[in-house]
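>>> below are the sequence and a predicted model; questions follow.
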Amino acid sequence: MKKSLLLVTTILLISVIVFGCCSVKRTAPGTSVNDSASTEESDINTSQDSFTLLVYLCGSDLESRFGEASANIAEMQAAEFSPNINVIVQTGGSQYWKDIEISAQSTDRFLIKDGDKQLIDRNTVKQNFGESQTLADFIKFGVEQYPADQYGLILWNHGSGSIKGVCFDANFENDGLTLPEIKDALASTQDVLGKKFEFIGLDACLMATYDMASILKSYANYMIASEELEPLSGWDYTTLISSLGKESFYTDVLDSYADKQSAKATYTLSVINLSEMEKADAVVEEIARQIDYNLSYVGKALSEGKEFGAKGESRSGTNLFDLGLIADSLGIDYDFSSFITKVNGAAHESAMGMSLYFPTEQADLLTEYKEICQNSLYMDFLIDYLYFKPESTIVFDNMGYDDNGCMSFILSDFSEQYVQSVGYELHSFAGSEETQKLYCVGTDNDVSFAEGIYTVNFQGNWVFMNDVMLHTDVYEEKDTHTIFSAPVKINGELCNFLFTYFKPTQSIQVEGYVLESDLSSRVHDISDGMKLTILYEDPFSEDGQLYYEEGTITWSEDIDLSIKKLKPGYYQYIPYVVDIYGNVYCGNTAVVYFDGEKSTMDSIRAG
């Protein structure tokens with residue numbers, strides 16, 4: 001949910017009304033991201049090896065509101081344990097626990113074994129899960145008390161990518177572990193551990209980043225994480241623990257996650273072989289060299305690179321783009337066949353399994369990112385890219401309309417190298433007359449480009465829930481699908497409702513919703529009986545209210561989400577260009593009359 005383009009000029013919008021295929025597809029575990037060659041399995045596991053798994057379970061609101069940490073512990077208890085397997089869970093970070101055996105007033109440690117959960121240690125002083133020392137103390141405890149041939153570590157909670165990190169403690173003002181803090185904790189425990197972790201997993205959103213992997217490569221053989229927002233229920237811990245000590249472990253983790261989240265089209269999970277990180281380093285450095293040589297490559301790279309994470313009124317873009325897709329857009333050769341194995345839902349089928357932090361704006365974050373980034377060449381490129389940008393990049397020219405009544409325009413020659421994406425924002429008049437109050441119903445990027453001319457292809461198509469028009473923003477559009485986001489209230493709470501439309505089958509798959517107030521917005525399931533209040537943006541509100549409420553719909557399996565024609569009446573749209581720095585430039589306003597089948601240009605007004 002975002003401010004209207006008439007009010008703000010610094011948001012990134014990627015939108016279109018197009019349709020696509022509904023079956024959930026995934027890359028088979030053991031298959032590379034760009035061919036069908038088998039990946040090498042880890043040496044994890046002969047039946048004689050002992051294994052200690054440490055789970056750093058920061059409950060936060062995921063537990064206090066939804067009970068998901070307790071649910072995952074129950075999954076652990078349901079696992080089949082080999083005699084040489086120990087699972088140690090440290091709980092905290094939440095103001096309430098659904099599992100009555102876990103205290104919110106202390107930091108507890110449990111041994112999970114053969115269906116039981118045994119309290120083995122309790123610190124009556126709450127510890128901050130967002131502090132490096134808390135993680136280090138837990139690792140030392142687990143290694144000293146439960147020594148093993150091999151170790152694994154899982155960080156469980158919200159995740160926010162390279163800048164903000166993971167594990168946000170609700171008892172300490174949502175303080176989280178930054179990547180440097182994770183590095184400090186791991187470095188300080190190396191003497192006790194005496195070896196690398198077999199794997200470090202992050203059951204959290206957005207943590208399969210190049211930066212996270214660059215740090216973990218010194219401390220683990222493998223990393224397990226998701227590029228995208230994770231569904232609320234997370235990983236399948238019954239399968240994960242049952243598979244510890246087996247050669248099929250990584251395959252089982254990926255396969256079970258795909259099965260658990262198969263109702264979603266947007267899930268992702270990757271297993272990254274950290275011993276081959278030099279392959280990612282080489283790709284990142286070549287990206288920096290090519291873009292530094294020619295800025296016009298940036299727009300293509302970012303538009304094809306797939307940005308992960310939700311955007312909203314209190315949340316801007318994540319600046320996390322798929323590394324492989326950026327490389328593909330620039331024609332960079334790479335072979336990740338033994339480096340990354342992944343499973344993806346149909347909406348992210350082309351994602352390669354690792355994201356790259358590429359800030360299109362917010363130069364003020366570079367000081368912070370400099371402490372995180374492990375690649376000096378890439379860091380130097382970002383500094384040049386963001387600190388030496390021009391004050392203005394986009395200039396509209398010759399705005400008019402064509403023979404079909406569609407607005408057309410050109411950009412100055414100087415502007416073309418800075419274009420990242422082009423679209424338009426649609427407004428509807430509240431009444432049947434042009435003079436009635438306006439409200440915003442969303443954005444679309446159905447803008448064609450030919451012979452230097454951009455043309456807005458407004459056809460009167462929009463997304464409806466039953467017979468109610470939705471405010472929809474398309475924040476991802478690919479050849480096979482479009483992911484939509486719509487601002488709604490669900491049971492009275494402001495949310496983004498997410499769904500994917502697939503072109504070949506012209507079918508819709510509901511992904512769920514993300515809370516506007518949530519730290520990293522895991523994707524929540526929507527269930528029968530929930531009340532959805534449809535919202536439109538009110539950019540000219542006199543009482544300060546951002547949204548106009550259209551009505552409330554009770555969710556059920558019979559809800560019809562489909563593309564329909566807008567009702568007859570006056571509409572206006574405003575073309576915009578997003579530059580490679582994330583700035584939005586708006587053109588003049590077109591006022592049209594739509595008769596239910598086609599639109600007629602009424603006037604073009606200065607913006």
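Here it is on my side, so go on.
>>> buried stuff in the longest helix seen in the chain?
The residue-count maximum for a helix in the chain (DSSP state H) belongs to helix 277-293. Across helix 277-293, burial judged by 16 or more other C-beta atoms under 10 Å covers M277, K279, A280, D281, V283, V284, E286, I287, A288, Q290, I291. (C-beta placed from N, C-alpha, C; glycine too.)
>>> help me confirm that the last one comes into contact with A301.
Which is I291. Yes. The criterion here is C-beta atoms under 8 Å, and I291 meets it with A301 at 6.8 Å.
>>> now list whatever residues contact both of the two.
Counting by C-beta atoms under 8 Å, 6 or more residues apart in numbering, the residues touching both I291 and A301 are L330.
>>> distance from the host helix or strand of Y576 to the middle of the chain?
For Y576, the host element (DSSP states H and E) is strand 569-579. Distance, stretch centre to chain centre, for strand 569-579: 26 Å (C-alpha atoms, centre = their mean, to the nearest Å).
>>> from the contact counts, what lies against it?
If you count contacts as 3 or more C-beta pairs under 8 Å, 6 or more residues apart in numbering; DSSP states H and E, strand 569-579 packs onto strand 407-411, strand 419-429, strand 453-456, strand 584-586, strand 589-594.
>>> just put those strands in a markdown table and tack on distance to L320.
Shown next, in a markdown table, are the helices and strands packed on strand 569-579 (distance: least, C-beta to C-beta, whole Å):
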| stretch | distance to L320 |
| --- | --- |
| strand 407-411 | 28 |
| strand 419-429 | 16 |
| strand 453-456 | 28 |
| strand 584-586 | 20 |
| strand 589-594 | 33 |
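>>> L325: which of those strands is closest?
Closest of these to L325 is strand 419-429, at 14.7 Å (criterion: C-beta to C-beta).
>>> strand partners of the closest one, parallel vs antiparallel please.
Sheet pairing of strand 419-429 (DSSP bridges) gives strand 438-444 (antiparallel), strand 569-579 (antiparallel).
>>> of those, which approaches T266 most closely?
Judging the strands paired with strand 419-429 by C-beta to C-beta, what sits closest to T266 is strand 438-444, at 19.4 Å.
>>> just checking, next helix/strand downstream of that closest one?
Next in line after strand 438-444, if elements are assigned by DSSP H and E, sits strand 447-450.
>>> list the buried residues in stretch 178-195.
T178, L179, E181, I182, K183, D184, A185, L186, S188, T189, L193.
>>> and for stretch 104-111?
Result for stretch 104-111 [16+ other C-beta under 10 Å]: buried residues A104, T107, D108, R109, F110, L111.
>>> packing partners for the helix or strand bottoming out on mean pLDDT in the chain?
When the helices and strands of the chain are scored by mean pLDDT, DSSP states H and E, strand 473-477 comes last with a mean of 78. Here strand 473-477 touches strand 438-444, strand 481-490, going by 3+ C-beta pairs under 8 Å, 6+ apart.
>>> between strand 481-490 and it, find me the angle.
Strand 473-477 runs at 150 degrees relative to strand 481-490, counting by axes from the mean of the first three to the mean of the last three C-alpha atoms, to 10 degrees.
>>> may I have strand 473-477 as PDB, with CA atoms only?
What follows is strand 473-477, C-alpha atoms only, in PDB (Å, rounded to 0.1, in the frame of the first residue of the first chain):
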ATOM      1  CA  ASP A 473      -0.900  -2.900  -7.800                       C
ATOM      2  CA  VAL A 474       1.000  -5.400  -9.900                       C
ATOM      3  CA  TYR A 475       4.400  -5.700  -8.200                       C
ATOM      4  CA  GLU A 476       5.600  -8.500 -10.300                       C
ATOM      5  CA  GLU A 477       4.900  -9.300 -14.000                       C
END
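>>> partner strands of that strand, parallel or antiparallel?
strand 481-490 (antiparallel).
>>> rounded mean pLDDT for the strand it pairs with, please.
The pLDDT scores in strand 481-490 average 90.
>>> can you name the next helix or strand after that strand?
Downstream of strand 481-490 (by DSSP H and E), the next one is strand 493-502.
>>> so which elements touch the helix or strand following that next one?
The helix or strand immediately downstream of strand 493-502 is strand 507-515, counting by DSSP H and E. Under the contact criterion of 3+ C-beta pairs under 8 Å, 6+ apart, strand 507-515 touches strand 481-490, strand 493-502, strand 561-565.
>>> quick one: closest of the ones you listed to V422.
strand 481-490 (16.2 Å).
>>> which one of the helices and strands packed on strand 507-515 lies nearest to D467?
Per C-beta to C-beta, nearest to D467 of the helices and strands packed on strand 507-515: strand 561-565, 8.1 Å.
>>> can you list contacts of that closest one?
17, 19, 460-465, 499, 501, 508, 510, 596-597.
>>> I'd say Y424 and Y576 touch.
Yes. Taking contacts as C-beta under 8 Å, Y424 lies within contact range of Y576: 6.6 Å.
>>> tell me the two of the buried residues of stretch 178-195 that are most distant?
T178 and L193 (21.2 Å).
>>> tell me what E476 is bridged to.
I483.
>>> mind listing what it touches?
I14, K306, E307, A347, T482, I483.
>>> quick one: it from N491, how far?
26 Å (C-beta to C-beta, to the nearest Å).
>>> then F429?
F429 is 31 Å from N491, by C-beta to C-beta.
>>> neighbour count for the two, which is higher?
F429 (17 against 10; other C-beta atoms under 10 Å).
>>> pLDDT wise, what is that one at?
86.
>>> quick check: it touching Y571?
Yes. Here F429 reaches Y571: they are 7.0 Å apart, a contact under C-beta under 8 Å.
>>> adding distance to V523 and mean neighbour count, write the helices and strands packed on strand 473-477 out as JSON lines.
Shown next, in JSON lines, are these (distance: least, C-beta to C-beta, whole Å; neighbours: other C-beta atoms under 10 Å):
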{"stretch": "strand 438-444", "distance to V523": "20", "mean neighbour count": "24"}
{"stretch": "strand 481-490", "distance to V523": "11", "mean neighbour count": "24"}
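>>> pull out the buried positions in stretch 76-88.
For stretch 76-88, by 16+ other C-beta under 10 Å, it's M76, Q77, A79, F81, S82, N84, I85, N86, V87, I88.
>>> now find how far off-centre that stretch is within its chain.
31 Å.
>>> who's in contact with that stretch?
Against stretch 76-88 from outside (C-beta under 8 Å, 6+ apart): 47-55, 89, 109-117, 120, 141-142, 145-146, 148, 237-242, 244-245.
>>> quick check: ChimeraX command selecting the buried ones in those.
Buried residues within these, by 16+ other C-beta under 10 Å, are selected in ChimeraX with:
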select :49,50,51,52,53,54,55,89,109,110,111,112,113,117,141,142,146,148,237,238,239,240,241,242,244,245
